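>>> have a look; sequence and predicted model below, questions after that.
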Amino acid sequence: MRQLTTPEQAREFVLDRRFRGHTVGVVPTMGALHDGHLELVRQAKQHCDVSIATIFVNPTQFGPGEDLDKYPRLLEQDLSLLERIGADAVFLPSSESIYPPGFSTFVEAPDVGSPLEGVCRPSHFRGVTTIVCKLFQILPATHAFFGRKDYQQLKVIEAMVRDLNIAIEIVACDTVREEDGLALSSRNRYLDSAQRIQALALSRALQRAQAMATAGTRQTEQLEQAMRQELDGHADHPGVDRVEYAVVVDAETLLPLTDLNRPAVALIAAFVGQTRLIDNRLISALI
Ligand SMILES: Nc1ncnc2c1ncn2[C@@H]1O[C@H](COP(=O)(O)OP(=O)(O)OP(=O)(O)O)[C@@H](O)[C@H]1O
Ligand SMILES: CC(C)(CO)[C@@H](O)C(=O)[O-]
Ligand code: BAL
């Protein structure tokens, strides 16, 4: 596996493969890799001739007081996982090469980034669109792979690519979960064993919303109430410590929806202790 450290090296690696007519799939990550990330690499290998993962803990997407400093950094372990799975290359830029002195150009996030995460983490998506746009310039790949686990981020990136005519195909990959339903996330490492049990309230709440929709409930308010109950916990299942949002919204715009008369998605952000977790599920209604 090639280790690419400078933007120039990385660009040359991709352009060389593109000139030879190869398709190139890029998988942007912040490292601390788990099976969710590895599934994206597997998909990249399946769809494309060449696969490249990127590992960069992007400072511009963290707000003041967030976990930038304590975000897990596990480079040796990440490299051996990528090697084992057969990634062709990994891009490991330094912060200075991405944001050199004098850097001042940012990509504003599209409208779909305004609600939900946009309210809770006001500068987050501007940091994400900026780094992802830069990665797409540095690595002019044919395809890029993103997880539905970060559903709003996926919609933000799809809109950016559309709005800015970026010539790359975005491939969305399903959320990989533990057997008990917990969505894999690098931040799960922060949870102790009691918190790990509390964290199950998120996937339970999403399942309950889907079960109600399957049974015929169409009012999103009722689904949201049920998700809140599940997140608050009950006798046999502890809840989370604080809910930031638990909503059922339009699956494309992420704007409020009163009735399940359009494709919908249930999205949750909640704290377990100091750890902020997100999860979501597309909701299919009875026709
Ligand atoms: N469980 C998962 N299943 C599928 N894709 C995932 C999963 N978790 C993360 N991803 C995807 O991996 C890519 C990199 O995400 P990131 O490095 O932020 O991982 P993360 O586990 O979501 O970390 P965090 O704890 O910061 O949310 C994103 O496209 C994200 O959607
Ligand atoms: C897309 C991304 C790698 C940009 O830093 C990050 O937001 C993530 O890991 O989802
Ligand atoms: N998965 C999105 C990265 C972040 O929370 O900053």
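Okay, I see it. Numbering: from 1, shown residues only. Ligands and ions are numbered 1, 2, ... in the order given.
>>> please tell me how far the helix or strand harbouring residue 171 is from the chain's geometric centre.
Here residue 171 is covered by strand 169-173, with elements defined by DSSP states H and E. From the chain centre to the centre of strand 169-173 is a distance of 12 Å (CA atoms, centre = their mean, to the nearest Å).
>>> show me what the very next helix or strand once past that strand is in contact with.
On the C-terminal side of strand 169-173, the closest following helix or strand by DSSP H and E is helix 193-198. Contacts made with helix 193-198 from outside it, assessed by CB atoms under 8 Å, 6 or more residues apart in numbering, are listed as 182, 188, 191, 233, 238-241, 272-273, 275. (Glycine included, C-beta is placed from N, CA and C.)
>>> and of those residues, the nearest to residue 103?
Within the set of these, residue 275 lies nearest residue 103; the separation is 30.4 Å, counting by CB to CB.
>>> contact partners for the closest one?
With the criterion set at CB under 8 Å, 6+ apart, residue 275 makes contact with 187, 190-191, 195, 199.
>>> these also near ligand 1: which ones?
residue 187 (CB under 6 Å from any ligand atom).
>>> any chance of the contacts of residue 275 in JSON lines with neighbour count, pLDDT and distance to residue 103 as columns?
What follows is these, written out as JSON lines (neighbours: other CB atoms under 10 Å; pLDDT from 0 to 100; distance: CB to CB, whole Å):
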{"residue": "187", "neighbour count": "16", "pLDDT": "94", "distance to residue 103": "27"}
{"residue": "190", "neighbour count": "18", "pLDDT": "96", "distance to residue 103": "30"}
{"residue": "191", "neighbour count": "18", "pLDDT": "98", "distance to residue 103": "35"}
{"residue": "195", "neighbour count": "18", "pLDDT": "98", "distance to residue 103": "37"}
{"residue": "199", "neighbour count": "27", "pLDDT": "98", "distance to residue 103": "36"}
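>>> pick out the most distant pair among the contacts of residue 275.
With distances taken as CB to CB, the most widely separated pair in the contacts of residue 275 is 187 and 195, at 11.0 Å.
>>> not counting its neighbours along the chain, what's nearest the residue of the stretch 151-287 of the chain found nearest ligand 3?
Distances from the stretch 151-287 of the chain to ligand 3, computed as CB to the nearest ligand atom, single out residue 153 as the nearest residue at 5.9 Å. On the basis of CB to CB, 6 or more residues apart in numbering, the spatially nearest residue to residue 153 that is not a chain neighbour turns out to be residue 128, at 5.9 Å.
>>> how many neighbours does residue 78 have?
Counted with other CB atoms under 10 Å, the neighbours of residue 78 add up to 21.
>>> ok, now which ones touch residue 98?
For residue 98, the residues meeting the contact criterion (CB under 8 Å, 6+ apart) are 7, 56, 58, 131, 134.
>>> now with 10 Å?
Under the criterion of CB atoms under 10 Å, 6 or more residues apart in numbering, the contact partners of residue 98 comprise 7, 56, 58-60, 130-131, 134-135, 138.
>>> let me see the mean pLDDT of stretch 168-185.
For stretch 168-185, mean pLDDT rounds to 98.
>>> how about stretch 118-133?
Stretch 118-133 shows an average pLDDT of 98 in the prediction.
>>> now do it: distance to the chain's middle.
Shown here is stretch 118-133, whose average C-alpha point lies 12 Å from the average C-alpha point of the whole chain (CA atoms, centre = their mean).
>>> count the residues that sit near residue 163.
Residue neighbour count, defined by other CB under 10 Å, stands at 13 for residue 163.
>>> measure it to residue 277 for me?
In this structure, residue 163 lies at 29 Å from residue 277, with CB to CB, to the nearest Å as the measure.
>>> surely residue 1 and residue 90 touch.
Yes - because the distance of 6.2 Å satisfies CB atoms under 10 Å, residue 1 is recorded as touching residue 90.
>>> neighbour count winner among the two?
residue 90 (25 against 17).
>>> residue 80 is in contact with the more buried one, correct?
No - the pair formed by residue 90 and residue 80 falls short of the contact definition of CB under 10 Å, at 11.1 Å.
>>> overlap of the contact sets of the two?
Listed as contacting both residue 90 and residue 80 by CB under 10 Å, 6+ apart are residue 1.
>>> and which of the contacts of residue 98 is nearest to residue 22?
The nearest member of those to residue 22, counting by CB to CB, is residue 138 at 17.4 Å.
>>> ok, the closest residue to that closest one other than its chain neighbours - how many residues close by?
Once its chain neighbours are removed from consideration, residue 138 has its nearest residue in residue 7; the separation is 4.5 Å (CB to CB, 6+ apart). Neighbours of residue 7 under the rule other CB under 10 Å: 18.
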